[in-house]
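# Below are the sequence and a predicted model; questions follow.
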Amino acid sequence: MATDRARVVALAGLTAIVVVVADQAAKAVVRRRVDLGDRSDLLGAALRLVHVENDGVAFGQLSGNATLIGVVVALAIGALLWFFLANLDTPLVWLPTGMLLGGALGNVVDRLRAGVVTDYLKLPSWPAFNLADICITFGVIGLLLVVERDARRRSRAAREAEAAPAGEDAGGGAADPA
């Protein structure tokens, strides 16, 4: 059991590392090859490559308030880690947790490096974003799905246990009279 839990932690950590490395590599390419403020079409007007800097959080919220952003991000990461460690037995919890953690840390690296986050993808009528933001979004959705699936599994198991005739163990056989 302890090795399973260690494996889950390792998988989440590895996922987070992969996300941070990929995110930072993409941002480095953008910073080197795209001038700040430039735009070019990737898929016509549907997706553009841009180079913008964001000193806020999602959609530029809290812009200009680095201390508050630091506190909010630290609390969010702390809450995520607490939830993760309390739910290590939930199947697949490592994947969305690793994505969320990696995305958050990818943007933290930018804030520590330059005080701003490099964003480089732009959809029509949507603020610019980056790979870290994508991983955070999919991590949240994935975590909700994993938690909901696990809650349904536990509920089903509880109903089946209640429905089992008296004198039978959880395996469906007769209880051992000894």
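Nice, I can see it. Worth saying up front: this structure is predicted, and the values here are computed from it rather than measured.
# I'd assumed residue 95 was in contact with residue 13.
No - with contact defined as C-beta atoms under 8 Å, residue 13 does not reach residue 95; the gap is 11.9 Å. Heads up, the C-betas are built off the backbone N, CA and C, glycines and all.
# Please identify which of these two sits among more neighbours.
Shown here are residue 13 and residue 95; by other C-beta atoms under 10 Å, residue 95 has more neighbours (18 against 15).
# what kind of secondary structure is the residue nearest to residue 92 when sequence neighbours are not counted in?
Leaving out its chain neighbours, the residue that sits closest to residue 92 by C-beta to C-beta, 6 or more residues apart in numbering is residue 146, at 5.1 Å. Assigned state for residue 146: helix (three-state reduction, DSSP: H, G, I helix; E, B strand; the rest coil).
# roughly how far is the helix or strand where residue 72 lies from the heart of the chain?
Taking DSSP states H and E as the criterion, residue 72 maps to helix 66-86. From the chain centre to the centre of helix 66-86 is a distance of 12 Å (C-alpha atoms, centre = their mean, to the nearest Å).
# Next, the buried residues of that helix.
Buried residues in helix 66-86, counted by 16 or more other C-beta atoms under 10 Å: 69, 73, 80, 84.
# Roughly how far does the third one sit from residue 104?
Same thing as residue 80. Distance of residue 80 to residue 104, given as C-beta to C-beta, to the nearest Å: 8 Å.
# Common neighbours of these two, please.
Listed contacts common to residue 80 and residue 104 are nil; contacts here mean C-beta atoms under 8 Å, 6 or more residues apart in numbering.
# Run through the residues that contact the residue nearest to residue 92.
By C-beta under 8 Å, 6+ apart, the neighbours of residue 146 are 90, 91, 92, 93, 95, 96.
# That one and residue 63, how far apart?
Distance from residue 146 to residue 63, by C-beta to C-beta: 32 Å.
# Next: residue 14.
Counting by C-beta to C-beta, the gap from residue 14 to residue 63 is 33 Å.
# All the helices of this protein, residue numbers only.
Using DSSP state H, the helices of the chain run over residues 2-33, 66-86, 94-114, 131-163.
# residues near the closest residue to residue 96 other than its chain neighbours, how many?
Leaving out its chain neighbours, the residue that sits closest to residue 96 by C-beta to C-beta, 6+ apart is residue 142, at 3.3 Å. By other C-beta under 10 Å, the residues close to residue 142 number 19.
# next one: residue 39
14.
# before we move on, what about the one 5 residues further on?
Other residues near residue 44 come to 8 when the count uses other C-beta under 10 Å.
# Then residue 147?
15.
# residues contacting it?
Counted by C-beta under 8 Å, 6+ apart, residue 147 has contacts 87, 90, 93.
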